[in-house]
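> can't give you the sequence, but here's the structure:
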DNA sequence: GCACATGAGGAGAGCGCTCTCCGAGTCTTT
DNA sequence: AAAGACTCGGAGAGCGCTCTCCTCATGTGC
């Protein structure tokens, strides 16, 4: 009756089935499907025909089991703060940062047919399990998003021999590939622009001090200001949310009434600062100049539009993906990092 | 001569190894590890000891191969517009929409230890391959993000028997699970609010008409306006980006000079509209009242803060994840959908 | 004491694929 | 023309796991 047709109920065609239809062996079909050398072009065609006829799709699981390759890269986000019902995580995903990274990553991974799997690690136990799964071939490699504070993960990853690339340098020196922004240069750019336009009383709204990127922006800003004779700069820390930026600005305003310039460590906080400034009746940039950081969509939406330090996050993420793919291909690849130089984008706020 | 030694170096412990250490059979270790009935509590302990001693981690690939379960759910995003070097995609990922969905999804999936894999489908060929992979067990199920325009994917998915849940209803009636917002109600809310505050000349900035959500917002708005005696409403379409909102607003302004109210189909475009309005010297809300849609972060950042229709996207995504998980567990589950009711969030712009 | 039900653990057959042998056929080489 | 070199395709051994038998020991009723 039905030769190839309704064989077993919903059993999908396997190599075996294709082989039978094509009248060759499993091995040959495998060779053809994987485009391997040494196959008679005639057979080649017969096999592809059979593939079409049967509707064969290779089973990735089976293939992975033997090749030890999954065609998947994991994106690891560390959630060291809250545990259940996590306001931190939802905040994080809603932030343009996450989306931009995913966009950059996918632009490269897509073309290689590699899929991206999201992983959140919360506890130390989770970290351990993650590395275990990874070594087991759950994914071929991993992109690690800049972790808050010191984290054991980068070390565990290199130790476990898992191909990994971080976006944002690790808090502690670890021999791991990473892609980062020259945060210090960015902060310097901001400082010099503020000073250059004549600001005399400049303050900063920073991110959490234990995040490396945030730390570097602080130290870069401090150093640049010091170099120009401003030995002391008031700094209030936020946590990268708009609300925290608003609060920080209020604090700053109450401390230093004659402020005329602020550098804010990211645009979202800067948008908040703008709100606080407006409430306080300060005009931007006439009374207070504001420089943001990231050049995210929030910078354009803000009123006035933010002068900001451009963070080419998509490009960086894309580069991270390329680096990871290369490392996966070549296990001997030496550890390398790419540092991007930020640029200042001039808009209305400073 | 290390015949085997070298290989053994990076061979991870398998069930077999654990079994040898524990002095039992593979089957028993498997039973213990998977917490299955009928194991002598004493052996139980011995086995766990051996697991600890060897550092055994089950190989997911092997397990999946036999169980036909992967512990992975795919998030499918359709990219029917541009092909290479895609501005559409990067825009999409940077939009808060994407992040909010991911956040909502992960909040549920995490707890079940299910991972999320991102998939972009671009072409028809891609769609076909996706369904093939899915049927092959690449993922246990799939969350489909509201697709632009009519798309064959939902149909292919149900036909292929792939557990799937859409976020946003399909453009054409297809027996598929979905979670959606009562977009028409939302638009009605906006219309009535605008009318309620006395607006006489009201227009709308819509999204692309072929996106179901967008379509529903248009028809809902039209109907509500008509019901209150405004048979005709000027509508200009944007594409959900800030820039397009700005352009649309300018167009509207040039067409209808005495506008006093606008309903914008998402907050990001509304932010753009605000910019155009400011440029045109119209005060918001005094001269023109603006109501947005989504209640995304852009609504708070905007100046003035947007009165907007709240779209509980995180909750909806979480519900979609729950629905999918349930469907995966129970293949007989009947097709069901959940519709969320939007609410109006009052801020400054209207 | 025997037949029987009961339950614990082992043996082993795959899941669908890749890849290393090998054998058979074809083409050089001396 | 014989012997090697090369090509192409098949057989079959796994990859690490689950799960269905099956065996064997123990408990139960008469």
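That came in fine, so what should we check first? What you see is a predicted model; the values in this text were computed from it and never measured.
> okay, CA-based contacts and neighbour counts for the rest of this
Will do.
> Is it correct that residue A:319 falls within a strand?
No: counting by DSSP: H, G, I helix; E, B strand; the rest coil, residue A:319 falls outside a strand, being helix.
> who's in contact with it?
Applying Cα atoms under 8 Å, 6 or more residues apart in numbering or on different chains to residue A:319 gives the contacts residue A:179.
> could you redo the last one with a cut-off of 10 Å?
For residue A:319, the contact set (Cα atoms under 10 Å, 6 or more residues apart in numbering or on different chains) comprises A:104, A:105, A:108, A:165, A:167, A:178, A:179, A:313, A:325, A:337, A:338.
> Residue A:146 too?
Contacts of residue A:146 (Cα under 10 Å, 6+ apart): A:76-78, A:166-171, A:178-180, A:211-213.
> mind checking the SS state of whichever residue of chain A sits closest to chain B?
Ranked by Cα to the nearest Cα, the top residue of chain A for proximity to chain B is residue A:117, at 4.1 Å. Three-state assignment for residue A:117 (three-state DSSP): strand.
> Contact partners for it?
By Cα under 10 Å, 6+ apart, the residues touching residue A:117 are A:72-76, A:138-139, A:142-143, B:72-75, B:115-119.
> give me that answer again for 6 Å
A:74, A:75, B:116, B:117 (Cα atoms under 6 Å, 6 or more residues apart in numbering or on different chains).
> What residues are bridge-paired with it?
Counting by DSSP bridges, residue A:117 is bridged to residue A:74, residue B:117.
> could I get the contacts of residue A:319 as CSV with pLDDT and neighbour count?
Below are the contacts of residue A:319 laid out as CSV (pLDDT from 0 to 100; neighbours: other Cα atoms under 10 Å in any protein chain shown):
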residue, pLDDT, neighbour count
A:104, 95, 24
A:105, 96, 26
A:108, 94, 20
A:165, 96, 32
A:167, 95, 25
A:178, 96, 26
A:179, 96, 25
A:313, 93, 26
A:325, 95, 22
A:337, 94, 20
A:338, 96, 18
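> Can I get those in JSON lines including secondary structure and distance to chain B?
Shown next, in JSON lines, are those (DSSP: H, G, I helix; E, B strand; the rest coil; distance: Cα to the nearest Cα, whole Å):
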{"residue": "A:104", "secondary structure": "helix", "distance to chain B": "7"}
{"residue": "A:105", "secondary structure": "helix", "distance to chain B": "10"}
{"residue": "A:108", "secondary structure": "helix", "distance to chain B": "10"}
{"residue": "A:165", "secondary structure": "strand", "distance to chain B": "19"}
{"residue": "A:167", "secondary structure": "strand", "distance to chain B": "17"}
{"residue": "A:178", "secondary structure": "strand", "distance to chain B": "22"}
{"residue": "A:179", "secondary structure": "strand", "distance to chain B": "19"}
{"residue": "A:313", "secondary structure": "helix", "distance to chain B": "11"}
{"residue": "A:325", "secondary structure": "helix", "distance to chain B": "17"}
{"residue": "A:337", "secondary structure": "strand", "distance to chain B": "24"}
{"residue": "A:338", "secondary structure": "strand", "distance to chain B": "22"}
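> State the phi and psi torsions of the nearest residue to residue A:328 once chain neighbours are set aside.
Distances taken as Cα to Cα, 6 or more residues apart in numbering or on different chains place residue A:163 nearest to residue A:328, at 6.1 Å, with adjacent residues excluded. Phi and psi for residue A:163, reported as degrees, to the nearest 10, are phi -60, psi 130.
> Select from the contacts of residue A:146 the one having the most neighbours.
Most neighbours among those, by other Cα atoms under 10 Å in any protein chain shown: residue A:170, with 28 neighbours.
> Now do it against residue A:156, distance only.
Going from residue A:170 to residue A:156 by Cα to Cα, to the nearest Å gives 12 Å.
> mind showing which ranges of chain A have poor pLDDT?
Scanning chain A with the threshold set as pLDDT under 70 gives A:1-10, A:80-90, A:147-148.
> So which bits of it are right by chain B?
Selection of chain A residues close to chain B by Cα under 6 Å from any Cα of the partner chain yields A:59, A:61-62, A:65, A:90, A:93-94, A:96, A:99-100, A:103, A:116-118, A:136.
> Give me the subset of those residues that lies in helices.
Among the residues of chain A next to chain B, the ones falling in helices (DSSP state H) are A:61, A:62, A:65, A:90, A:93, A:94, A:96, A:99, A:100, A:103.
> burial of the first one, as a residue count?
Meaning residue A:61. Neighbour count of residue A:61, defined by other Cα under 10 Å: 25.
> what's the answer for residue A:278, then?
Using other Cα under 10 Å: residue A:278 sits among 13 other residues.
> out of everything not next to it in sequence, what's closest to residue A:47?
Spatial nearest neighbour of residue A:47, chain neighbours left out: residue A:22 (5.5 Å); criterion: Cα to Cα, 6+ apart.
> now residue A:71
Nearest residue to residue A:71, sequence neighbours excluded (Cα to Cα, 6+ apart): residue A:114, at 4.9 Å.
> Check the gap between the one you found and DNA strand C for me.
15 Å (Cα to the nearest atom of the strand, to the nearest Å).
> Now that residue. Its backbone dihedrals?
Main-chain torsions, residue A:114, degrees, to the nearest 10: phi -100, psi 140.
> about what we covered before: could you measure from the residue nearest to residue A:328 over to residue B:323?
35 Å.
> Equivalent analysis for residue A:161, please.
Per Cα to Cα, residue A:161 is found 38 Å from residue B:323.
> Of these two, which one has the most company?
Neighbours per residue (other Cα under 10 Å) separate residue A:161 from residue B:323, with residue B:323 holding more: 24 against 15.
> Are we agreed that the more buried one is in a helix?
Yes: applying three-state DSSP, one finds residue B:323 inside a helix.
> Excluding covalently adjacent residues, which one is nearest to it?
Nearest to residue B:323 is residue B:165, by Cα to Cα, 6+ apart, at 7.2 Å.
> Ok, residue A:344 next?
Using Cα to Cα, 6+ apart and skipping the chain neighbours, the partner closest in space to residue A:344 is residue A:309 (4.5 Å).
> count of neighbours near the one you found?
As a burial measure, residue A:309 scores 30 neighbours (other Cα under 10 Å).
> Adding distance to residue A:204, write the contacts of residue A:117 out as CSV.
Converted to CSV, the contacts of residue A:117 look like this (distance: Cα to Cα, whole Å):
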residue, distance to residue A:204
A:74, 35
A:75, 32
B:116, 38
B:117, 39
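> Can you tell me the SS state at residue A:263?
Following three-state DSSP, we place residue A:263 in the strand state.
> what number of residues lie near it?
30.
> Now do the same for residue A:269: helix, strand or coil?
helix.
> quick one, what contacts it?
By Cα under 6 Å, 6+ apart, the contact set of residue A:269 is A:240, A:241, A:242, A:245.
> Determine the three-state secondary structure at the first one.
Classification of residue A:240 by three-state DSSP places it in coil.
> gap between the residue nearest to the spatial centre of chain A and DNA strand C?
For chain A, residue A:101 is the residue whose C-alpha lies nearest the centre (Cα atoms, centre = their mean; 3.9 Å). As judged by Cα to the nearest atom of the strand, residue A:101 and DNA strand C stand 31 Å apart.
> List the residues that contact that residue.
Counting by Cα under 6 Å, 6+ apart, residue A:101 has contacts A:314, A:317.
> Try it again at 7 Å.
A:313, A:314, A:317 (Cα atoms under 7 Å, 6 or more residues apart in numbering or on different chains).
> Residue A:75 too?
Counted by Cα under 7 Å, 6+ apart, residue A:75 has contacts A:116, A:117, A:118, A:119, A:142, A:143, A:144.
> tell me which parts of chain A are close to DNA strand C?
Neighbours of DNA strand C within chain A, by Cα under 7 Å from any atom of the strand: A:11-16, A:26-27, A:30-31, A:33-34, A:57-60, A:62-63, A:65-67.
> cutoff 10 Å now
A:10-19, A:25-36, A:56-69 (Cα under 10 Å from any atom of the strand).
> returning to what we had before: could you check how far the residue nearest to the centre of chain A is from DNA strand D?
For residue A:101, the distance to DNA strand D equals 33 Å [Cα to the nearest atom of the strand].
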